[in-house]
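Peer 1: Would you be able to build a 3D model of this:
(chains A, B, C and D)
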2 protein chains.
Amino acid sequence: MSKTNKFDLENVEAQMRKGTLEFTILLIISQGEVYASDIIKEMKSLDLIVVEGTLYPILSRLNRSGLLNYSWVESESGPPRKYYTLTPTGKETLGHMTKVWDGLSKSIRRLIKNYKT
Amino acid sequence: MSKTNKFDLENVEAQMRKGTLEFTILLIISQGEVYASDIIKEMKSLDLIVVEGTLYPILSRLNRSGLLNYSWVESESGPPRKYYTLTPTGKETLGHMTKVWDGLSKSIRRLIKNYKT
DNA sequence: TTTTAGTACCTTGCATTGCAAAGTATTTTG
DNA sequence: CAAAATACTTTGCAATGCAAGGTACTAAAA
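Peer 2: Residues are numbered from 1 along each chain as shown, chains lettered A, B, ... in the order given. Purely as a prediction, here's the structure:
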(Lines give C-alpha, C1' and ligand atoms only; values in the text may rest on other atoms or scores of the structure.)
Protein backbone atom coordinates (compact mmCIF):
# COMPACT_ATOMS: atom_id res chain seq x y z
CA MET A 1 0.00 0.00 0.00
CA SER A 2 1.57 3.29 -1.10
CA LYS A 3 1.93 5.69 1.79
CA THR A 4 2.09 9.10 0.11
CA ASN A 5 -0.71 10.87 1.90
CA LYS A 6 -1.46 13.85 -0.31
CA PHE A 7 -0.64 17.20 1.17
CA ASP A 8 -3.59 19.50 1.79
CA LEU A 9 -2.87 23.05 0.75
CA GLU A 10 -6.22 24.39 1.87
CA ASN A 11 -5.37 23.28 5.33
CA VAL A 12 -2.29 25.49 5.32
CA GLU A 13 -4.46 28.48 4.59
CA ALA A 14 -6.79 27.50 7.42
CA GLN A 15 -3.86 27.10 9.78
CA MET A 16 -2.51 30.54 9.03
CA ARG A 17 -5.90 32.14 9.47
CA LYS A 18 -6.46 30.43 12.79
CA GLY A 19 -3.29 31.87 14.19
CA THR A 20 -4.54 35.39 13.66
CA LEU A 21 -8.22 34.93 14.49
CA GLU A 22 -8.35 36.80 17.78
CA PHE A 23 -6.20 39.51 16.33
CA THR A 24 -8.31 40.11 13.26
CA ILE A 25 -11.53 39.96 15.25
CA LEU A 26 -10.27 42.62 17.62
CA LEU A 27 -9.15 44.74 14.69
CA ILE A 28 -12.64 44.65 13.24
CA ILE A 29 -14.30 45.50 16.52
CA SER A 30 -11.88 48.39 16.94
CA GLN A 31 -13.49 50.03 13.92
CA GLY A 32 -16.83 50.43 15.65
CA GLU A 33 -19.71 48.64 17.32
CA VAL A 34 -20.49 45.38 15.57
CA TYR A 35 -22.35 42.16 16.26
CA ALA A 36 -21.43 38.65 15.24
CA SER A 37 -22.90 38.73 11.72
CA ASP A 38 -21.12 41.97 10.93
CA ILE A 39 -17.84 40.40 11.90
CA ILE A 40 -18.42 37.29 9.81
CA LYS A 41 -19.36 39.41 6.83
CA GLU A 42 -16.34 41.67 7.07
CA MET A 43 -13.96 38.78 7.58
CA LYS A 44 -15.39 37.06 4.55
CA SER A 45 -14.91 40.17 2.46
CA LEU A 46 -11.22 39.92 3.34
CA ASP A 47 -11.04 36.18 2.57
CA LEU A 48 -10.76 35.48 6.28
CA ILE A 49 -13.36 32.82 6.78
CA VAL A 50 -14.85 32.42 10.21
CA VAL A 51 -18.04 30.66 11.25
CA GLU A 52 -20.46 30.93 14.15
CA GLY A 53 -19.21 27.92 16.04
CA THR A 54 -15.79 29.52 16.09
CA LEU A 55 -16.71 33.13 16.58
CA TYR A 56 -19.09 32.96 19.54
CA PRO A 57 -16.73 31.14 21.85
CA ILE A 58 -13.96 33.58 21.00
CA LEU A 59 -16.14 36.61 21.66
CA SER A 60 -17.17 35.14 25.01
CA ARG A 61 -13.59 34.48 25.95
CA LEU A 62 -12.41 37.93 24.97
CA ASN A 63 -15.24 39.34 27.03
CA ARG A 64 -14.36 37.23 30.05
CA SER A 65 -10.76 38.36 29.67
CA GLY A 66 -11.84 41.97 29.86
CA LEU A 67 -10.97 42.97 26.30
CA LEU A 68 -14.54 43.36 25.07
CA ASN A 69 -17.77 44.90 26.30
CA TYR A 70 -21.14 44.29 24.79
CA SER A 71 -24.61 45.74 24.99
CA TRP A 72 -27.88 44.24 23.88
CA VAL A 73 -29.53 46.20 21.12
CA GLU A 74 -33.02 45.60 19.81
CA SER A 75 -33.24 44.74 16.16
CA GLU A 76 -35.98 46.04 13.88
CA SER A 77 -36.57 42.56 12.57
CA GLY A 78 -35.53 39.62 14.69
CA PRO A 79 -34.09 38.90 18.09
CA PRO A 80 -31.83 41.35 19.91
CA ARG A 81 -28.14 41.52 19.13
CA LYS A 82 -24.99 41.74 21.16
CA TYR A 83 -22.99 44.71 19.96
CA TYR A 84 -19.35 44.55 20.94
CA THR A 85 -16.82 47.28 21.63
CA LEU A 86 -13.22 47.27 22.86
CA THR A 87 -12.49 48.08 26.48
CA PRO A 88 -9.45 50.23 27.29
CA THR A 89 -7.59 47.02 28.08
CA GLY A 90 -8.77 45.68 24.76
CA LYS A 91 -7.32 48.64 22.91
CA GLU A 92 -4.06 48.29 24.74
CA THR A 93 -3.85 44.57 24.04
CA LEU A 94 -4.64 45.16 20.40
CA GLY A 95 -1.67 47.49 20.26
CA HIS A 96 0.57 44.77 21.67
CA MET A 97 -0.84 42.22 19.25
CA THR A 98 -0.07 44.49 16.36
CA LYS A 99 3.54 44.59 17.46
CA VAL A 100 3.61 40.81 17.70
CA TRP A 101 2.20 40.55 14.22
CA ASP A 102 4.72 43.03 12.87
CA GLY A 103 7.52 40.98 14.36
CA LEU A 104 6.27 37.75 12.89
CA SER A 105 5.66 39.11 9.43
CA LYS A 106 9.07 40.72 9.48
CA SER A 107 10.74 37.39 10.29
CA ILE A 108 8.85 35.66 7.55
CA ARG A 109 9.56 38.38 5.05
CA ARG A 110 13.22 37.87 5.76
CA LEU A 111 12.91 34.15 5.08
CA ILE A 112 11.00 34.72 1.88
CA LYS A 113 13.63 37.14 0.68
CA ASN A 114 16.31 34.45 1.04
CA TYR A 115 14.06 31.99 -0.72
CA LYS A 116 13.50 34.18 -3.74
CA THR A 117 17.18 34.74 -4.41
CA MET B 1 -14.90 35.19 43.14
CA SER B 2 -14.13 37.62 40.32
CA LYS B 3 -14.22 35.97 36.92
CA THR B 4 -11.87 38.12 34.87
CA ASN B 5 -9.51 35.45 33.58
CA LYS B 6 -6.43 37.42 32.62
CA PHE B 7 -5.68 37.45 28.93
CA ASP B 8 -2.46 35.74 27.89
CA LEU B 9 -0.55 37.78 25.35
CA GLU B 10 2.25 35.25 24.98
CA ASN B 11 -0.30 32.78 23.84
CA VAL B 12 -1.29 35.05 20.98
CA GLU B 13 2.28 35.04 19.78
CA ALA B 14 2.39 31.26 20.02
CA GLN B 15 -0.85 31.01 18.08
CA MET B 16 0.41 33.15 15.26
CA ARG B 17 3.66 31.22 15.04
CA LYS B 18 1.86 27.90 14.94
CA GLY B 19 -0.14 28.95 11.94
CA THR B 20 3.00 29.44 9.91
CA LEU B 21 5.10 26.57 11.22
CA GLU B 22 5.07 24.33 8.18
CA PHE B 23 5.58 27.30 5.95
CA THR B 24 8.60 28.63 7.78
CA ILE B 25 10.13 25.18 8.10
CA LEU B 26 9.85 24.63 4.38
CA LEU B 27 11.35 28.06 3.75
CA ILE B 28 14.37 27.18 5.82
CA ILE B 29 14.86 23.82 4.14
CA SER B 30 14.60 25.53 0.77
CA GLN B 31 17.84 27.34 1.55
CA GLY B 32 19.85 24.13 1.62
CA GLU B 33 20.29 20.77 3.28
CA VAL B 34 19.64 20.96 6.99
CA TYR B 35 18.89 18.62 9.86
CA ALA B 36 16.58 19.19 12.79
CA SER B 37 19.00 21.10 15.01
CA ASP B 38 19.86 23.49 12.21
CA ILE B 39 16.22 24.28 11.75
CA ILE B 40 15.63 24.88 15.43
CA LYS B 41 18.65 27.15 15.59
CA GLU B 42 17.67 29.21 12.58
CA MET B 43 14.07 29.53 13.72
CA LYS B 44 15.24 30.71 17.12
CA SER B 45 17.45 33.33 15.51
CA LEU B 46 14.29 34.71 13.92
CA ASP B 47 12.29 34.59 17.17
CA LEU B 48 10.32 31.68 15.80
CA ILE B 49 10.50 29.19 18.62
CA VAL B 50 10.08 25.54 17.77
CA VAL B 51 11.01 22.48 19.81
CA GLU B 52 11.87 18.87 19.05
CA GLY B 53 8.52 17.43 20.01
CA THR B 54 6.93 19.73 17.48
CA LEU B 55 9.49 19.63 14.73
CA TYR B 56 10.06 15.91 14.28
CA PRO B 57 6.42 15.02 13.71
CA ILE B 58 6.11 17.84 11.20
CA LEU B 59 9.18 16.73 9.28
CA SER B 60 7.83 13.19 9.18
CA ARG B 61 4.51 14.38 7.92
CA LEU B 62 5.99 16.58 5.23
CA ASN B 63 8.09 13.63 4.15
CA ARG B 64 5.11 11.30 4.03
CA SER B 65 3.28 13.93 1.98
CA GLY B 66 6.07 13.96 -0.56
CA LEU B 67 7.34 17.47 0.09
CA LEU B 68 10.63 16.48 1.70
CA ASN B 69 13.39 14.00 1.07
CA TYR B 70 16.07 13.10 3.54
CA SER B 71 19.33 11.25 3.56
CA TRP B 72 21.27 9.90 6.48
CA VAL B 73 24.59 11.57 6.92
CA GLU B 74 27.30 10.45 9.32
CA SER B 75 28.28 13.05 11.89
CA GLU B 76 31.84 13.64 13.01
CA SER B 77 30.73 13.62 16.59
CA GLY B 78 27.57 11.78 17.50
CA PRO B 79 24.89 9.71 15.86
CA PRO B 80 23.97 10.11 12.18
CA ARG B 81 21.64 12.89 11.09
CA LYS B 82 18.72 13.16 8.73
CA TYR B 83 19.43 15.92 6.26
CA TYR B 84 16.32 17.22 4.56
CA THR B 85 15.79 18.75 1.14
CA LEU B 86 12.71 19.84 -0.78
CA THR B 87 11.30 17.60 -3.47
CA PRO B 88 10.02 19.20 -6.68
CA THR B 89 6.53 18.93 -5.23
CA GLY B 90 7.85 20.57 -2.10
CA LYS B 91 9.18 23.52 -4.06
CA GLU B 92 5.93 23.88 -5.90
CA THR B 93 3.92 23.72 -2.70
CA LEU B 94 6.17 26.26 -1.07
CA GLY B 95 5.39 28.59 -3.93
CA HIS B 96 1.68 28.17 -3.31
CA MET B 97 2.15 28.70 0.41
CA THR B 98 3.96 31.93 -0.25
CA LYS B 99 0.97 33.16 -2.20
CA VAL B 100 -1.35 32.16 0.63
CA TRP B 101 0.83 34.03 3.07
CA ASP B 102 0.91 37.10 0.85
CA GLY B 103 -2.87 37.07 0.70
CA LEU B 104 -3.25 36.80 4.43
CA SER B 105 -0.75 39.47 5.30
CA LYS B 106 -2.34 41.75 2.74
CA SER B 107 -5.76 41.33 4.34
CA ILE B 108 -4.36 42.01 7.76
CA ARG B 109 -2.39 44.99 6.59
CA ARG B 110 -5.63 46.43 5.28
CA LEU B 111 -7.29 45.94 8.66
CA ILE B 112 -4.38 47.49 10.51
CA LYS B 113 -4.48 50.50 8.24
CA ASN B 114 -8.11 51.14 9.17
CA TYR B 115 -7.25 50.70 12.79
CA LYS B 116 -4.45 53.24 12.76
CA THR B 117 -6.61 55.98 11.26
C1' DT C 1 -54.04 31.25 16.31
C1' DT C 2 -50.93 27.96 14.92
C1' DT C 3 -47.17 27.16 11.78
C1' DT C 4 -43.26 28.30 9.21
C1' DA C 5 -39.26 30.89 8.19
C1' DG C 6 -35.68 33.93 9.41
C1' DT C 7 -32.36 35.70 12.58
C1' DA C 8 -29.29 35.51 16.55
C1' DC C 9 -26.91 33.45 20.17
C1' DC C 10 -25.06 29.21 22.56
C1' DT C 11 -23.30 24.42 23.30
C1' DT C 12 -21.52 19.74 22.42
C1' DG C 13 -18.36 16.50 20.60
C1' DC C 14 -14.81 15.47 17.46
C1' DA C 15 -10.38 16.03 15.07
C1' DT C 16 -6.16 18.31 14.72
C1' DT C 17 -1.98 19.72 16.47
C1' DG C 18 1.76 21.81 19.33
C1' DC C 19 4.45 20.49 23.14
C1' DA C 20 6.39 18.55 27.53
C1' DA C 21 8.31 14.50 28.85
C1' DA C 22 9.95 10.08 28.45
C1' DG C 23 12.16 6.62 25.41
C1' DT C 24 15.62 4.45 22.10
C1' DA C 25 19.93 4.42 19.79
C1' DT C 26 24.54 5.81 18.71
C1' DT C 27 28.95 8.01 19.62
C1' DT C 28 32.33 10.23 22.44
C1' DT C 29 34.65 11.15 26.69
C1' DG C 30 36.38 10.28 31.38
C1' DC D 1 32.89 0.34 30.99
C1' DA D 2 30.08 4.11 32.74
C1' DA D 3 28.44 8.64 31.90
C1' DA D 4 27.47 12.37 29.00
C1' DA D 5 26.19 14.19 24.67
C1' DT D 6 23.74 14.07 20.48
C1' DA D 7 19.90 12.78 17.48
C1' DC D 8 15.71 10.88 16.36
C1' DT D 9 11.00 9.04 17.99
C1' DT D 10 6.80 8.42 20.61
C1' DT D 11 3.16 9.19 24.08
C1' DG D 12 -0.31 11.70 26.42
C1' DC D 13 -2.32 16.02 27.44
C1' DA D 14 -4.36 20.54 26.52
C1' DA D 15 -6.02 23.92 23.47
C1' DT D 16 -8.95 25.18 19.87
C1' DG D 17 -11.49 25.53 15.36
C1' DC D 18 -15.61 23.82 13.54
C1' DA D 19 -19.72 21.00 12.08
C1' DA D 20 -23.94 20.10 13.84
C1' DG D 21 -27.55 20.56 16.80
C1' DG D 22 -30.12 23.46 20.21
C1' DT D 23 -32.71 27.49 22.27
C1' DA D 24 -35.13 31.74 21.80
C1' DC D 25 -37.26 35.53 19.75
C1' DT D 26 -39.82 37.98 15.77
C1' DA D 27 -42.61 38.31 11.82
C1' DA D 28 -45.19 36.69 8.23
C1' DA D 29 -48.15 32.90 6.20
C1' DA D 30 -51.60 29.57 6.50
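Peer 1: okay, CA-based contacts and neighbour counts for the rest of this
Peer 2: Noted.
Peer 1: most centrally placed residue in chain A?
Peer 2: Nearest to the mean C-alpha position of chain A, by Cα atoms, centre = their mean, lies residue A:21 at 2.7 Å.
Peer 1: per-residue pLDDT, that one?
Peer 2: Residue A:21 carries a pLDDT score of 97 in this model.
Peer 1: which residues touch it?
Peer 2: Shown in contact with residue A:21 (Cα atoms under 8 Å, 6 or more residues apart in numbering or on different chains): no residues.
Peer 1: Give me the distance from the helix ranked longest in chain A to the chain's centre.
Peer 2: When chain A is parsed with DSSP state H, its longest helix is helix A:88-116. With Cα atoms, centre = their mean, to the nearest Å as the basis, helix A:88-116 stands 14 Å off its chain's centre.
Peer 1: what angle do that helix and helix B:88-116 make?
Peer 2: Interaxial angle, helix A:88-116 versus helix B:88-116 (axes from the mean of the first three to the mean of the last three Cα atoms, to 10 degrees): 150 degrees.
Peer 1: What residues of helix A:88-116 count as buried?
Peer 2: Of the residues in helix A:88-116, A:90-91, A:93-95, A:97-98, A:100-101, A:103-105, A:107-108, A:111-112, A:115 count as buried by neighbour count, 16 or more other Cα atoms under 10 Å in any protein chain shown.
Peer 1: Output the contacting helices and strands for it.
Peer 2: In this structure, helix A:88-116 packs against helix A:21-30, helix B:9-19, helix B:21-30, helix B:88-116, with contacts taken as 3 or more Cα pairs under 8 Å, 6 or more residues apart in numbering or on different chains; DSSP states H and E.
Peer 1: at 6 Å instead, please
Peer 2: Applying 3 or more Cα pairs under 6 Å, 6 or more residues apart in numbering or on different chains; DSSP states H and E, one finds that helix A:88-116 contacts no other helix or strand.
Peer 1: which parts of chain A sit against DNA strand C?
Peer 2: For chain A, the residues in contact with DNA strand C (Cα under 7 Å from any atom of the strand) are A:11, A:35-37, A:52-54, A:56-57, A:60, A:75, A:77-83.
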